[in-house]
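Participant: Everything below, folded, please.
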Amino acid sequence: MASKNYVLMLGLISLLSSASYAQTDTAGNATKTDTTQNAGAATGTDTTGAGAGVGTGTGTGTGVGTSAGVGAAAGAETYTPTTGDAGYDWRDSSKIPTRRLPQQSEFVNNQYPYPAKPRSMWELGFSAGNSMIFGDIKSKADVGGGITLRHAISHTFSYRIGYFGSYNQGYGSGYQLLTGKRPYQNWTHMGGLDLIASLNPNSHYRGNPKTNIYVLAGYSLVAAKVFQRGTGTTQIDGAYGTYYGAGQPNNRSGLFPGINTFGGKKVGERKGWSLLNAASVGAGVAVKLSKKINIGIEQRFTGGSYDALDGYIGGKSNDIYSFTSARLNINLGSSSKRVEPLWWLNGNNFIYNELNRPQHMKIPTPVLPDADGDGVTDQFDMEPNTPAGAPVDVRGVAKDSDGDGVPDYKDKELLTPQKCFPVDADGVGNCPEPACCTELRTRMDSLSAATSCTLTNLPSVQFRSGRATLSKDAMGLLQSAAEQIKGSPNCRIKVIGHLGTGQSSKRAQQLSWDRVNTVIRYLVEKQGISEDRLIFSYQEEGEGDPNTVDLQGTTETGPSTVPAPHPNLQKRK
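Facilitator: Next up is the predicted model:
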């Protein structure tokens, strides 16, 4: 019966372990449930059969597949990093122990590649279930329970201390009774220290696990008291009495020897309770219900070099405790100061979140060389030596708008018709110039000639020192100059007064203005020259005779009048 119960419990553990494989994280990652043998969506739920399928993406997109047996999730999935991915924000130092803050500071400042391990919660566990003894006498399925406290060393390893208590019974068959294997009862108290290895916290293909599959090994200190049913010779027939192990020494040798006996009266060399060293091994599965609570089942075996747990010494092996339990586990600690126990967090979360959306790594500014400066980087440039300023296309090749084989930056006829191909080295076609263009060119040439001025021999007007009035000789010169000016309508006349070297006083400036003004007024009022053809210019310091006003033909433009610089010094006529 005991062996059947044992096989049944192991089968249940195996079933839960297999079922947990399909579970994924609750940290914002996509979950897939595929209930079809056909192609399902990569993210979403595929409930397709032979008809149309519907796939729902965990991100922002929802897609509908219309082919038989195929569901697809369409649309771009939007990913937003959350503290749930890593269990905490890596920038938050409130969850880092003081002794690890220097490492965290170096990590945050990109001086050290590894983040500091955060504080994690303790797990308080309660267990209850079936307890049996695998020994020489057939065992009943009886009860046991325990309380444990577990803490993480890393994402994979953790340690657990705990207390376990059990009540066990066994009844021998008729043959066993004849051979001295009498019914027994066993009371056990056990303290244990276990090292636990979690098998599935870290993954490259999902976020945080929803299940925790683990194995354990550890040391147990066992206190056991055995009662044996009497036979009518040494005890009352049918009643249970304390088993003292007649003929056994107080201490037993072996890999895990007994330490001592204690409690009650002493019979021979022993008392009623045996204190034993033992080793424990086991495995379990836990399922996460929330960030604080999870439930699970566990199979635990405890034994050593002791063969009297069932009140009978014989056979080739020692007795072993089997404890199959259901567990309720509660995480202890404030979530503002501690993360969940590390076996509930995927140690790869930070790495993959950072690869998906870098927030911490230092990414150098990309350097994209462009040797010819045409705006197309060298790795894509099909013409890496394009001259500076030459227009290029998206491949970095110099543009040739008319396709005549001469790039635009050399082409003197950008849009040569194809009928005029081939072209010369300057990109000019071989077609004769149209009549309209010839006429336009002739007009432009004549206009250019018409706008030129050929007056080069105009006279200079001499004034007496300190005076701004015209002499008779000066008037005669201006009269002759007026005839020349009227004969050259394309010319403007620049009337230039001089200050002479070092003559920049206010009086000299005003005198220069007065003389230029006198000449202009005479040409306009006496000789009929249009005032807008005359350009008023004075204060030409350092050039010419200060008593002379020069006339100069030009095509320039300029003012025909300017204000007097110092009117109070103006010469009176």
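Participant: Not counting residues beside it along the chain, what's closest to residue 416?
Facilitator: residue 429 (4.2 Å; C-beta to C-beta, 6 or more residues apart in numbering). (Glycine included, C-beta is placed from N, CA and C.)
Participant: In contact with the residue of the chain positioned farthest from its centre, which residues?
Facilitator: When distances to the mean C-alpha position of the chain are computed (C-alpha atoms, centre = their mean), the maximum falls on residue 472, with 94.4 Å. By C-beta atoms under 8 Å, 6 or more residues apart in numbering, the contact list for residue 472 is empty.
Participant: Could you do residue 527 as well?
Facilitator: Taking C-beta under 8 Å, 6+ apart as the contact definition, residue 527 lies against 478, 479, 482.
Participant: Doesn't residue 476 lie inside a strand?
Facilitator: No. Looking at residue 476 with DSSP: H, G, I helix; E, B strand; the rest coil, it is helix, so not inside a strand.
Participant: I'd like the numbering to begin with 759 instead of 1 from here.
Facilitator: Sure, I'll start counting at 759 from here, so that last one is residue 1234.
Participant: one step back: please report phi then psi for the residue farthest from the centre of the chain.
Facilitator: Backbone geometry at residue 1230, expressed as degrees, to the nearest 10, gives phi -60, psi -40.
Participant: got it, and residue 1193?
Facilitator: Listed backbone geometry of residue 1193 is phi -60, psi -40, with angles given as degrees, to the nearest 10.
Participant: phi, psi of residue 1283?
Facilitator: Phi and psi for residue 1283, reported as degrees, to the nearest 10, are phi -80, psi -30.
Participant: The residue nearest to residue 1302 when sequence neighbours are not counted: neighbouring residues, count only.
Facilitator: Taking C-beta to C-beta, 6+ apart, and ignoring the residues beside it in sequence, residue 1302 has residue 1256 as its nearest neighbour in space, at 3.8 Å. Using other C-beta atoms under 10 Å, residue 1256 is surrounded by 25 other residues.
Participant: Against residue 911, how distant is residue 1256?
Facilitator: For residue 1256, the distance to residue 911 (C-beta to C-beta, to the nearest Å) stands at 102 Å.
Participant: Helices along the stretch 1159-1308 of the chain, start to end?
Facilitator: 1193-1208, 1230-1244, 1264-1283 (DSSP state H, counting those that start in this stretch).
Participant: Average pLDDT for the shortest one, rounded please.
Facilitator: Mean per-residue pLDDT for helix 1230-1244: 91.
Participant: thinking again about what came up before, pretty sure the residue nearest to residue 1302 is touching residue 1304, no?
Facilitator: Yes. Because the distance of 5.1 Å satisfies C-beta atoms under 8 Å, residue 1256 is recorded as touching residue 1304.
Participant: Which neighbours do the two have in common?
Facilitator: Applying C-beta under 8 Å, 6+ apart, one finds that residue 1256 and residue 1304 are jointly contacted by residue 1270.
Participant: Select only the buried ones of the contacts of residue 1285 in ChimeraX?
Facilitator: One line in ChimeraX is enough to select the buried ones among the contacts of residue 1285; burial here means 16 or more other C-beta atoms under 10 Å:
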select :1236,1240
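Participant: sorry, back to before: Provide the partner residues of the residue nearest to residue 1302 in its beta bridges.
Facilitator: residue 1298 (DSSP bridges).
Participant: Sort out which residues of the one helix or strand residue 1108 maps to are buried, please.
Facilitator: Using DSSP states H and E, residue 1108 sits in helix 1107-1114. Neighbour counts using 16+ other C-beta under 10 Å place 1107, 1108, 1110, 1111 of helix 1107-1114 among the buried residues.
Participant: One more: stretch 1223-1235?
Facilitator: Counting neighbours by 16+ other C-beta under 10 Å, one finds that the buried residues in stretch 1223-1235 are 1226, 1228, 1232, 1235.
Participant: if we can go back for a sec, could you measure from the residue farthest from the centre of the chain over to residue 1219?
Facilitator: Using C-beta to C-beta, we find residue 1230 at a distance of 12 Å from residue 1219.
Participant: for residue 927, same thing?
Facilitator: In this structure, residue 927 lies at 146 Å from residue 1219, with C-beta to C-beta as the measure.
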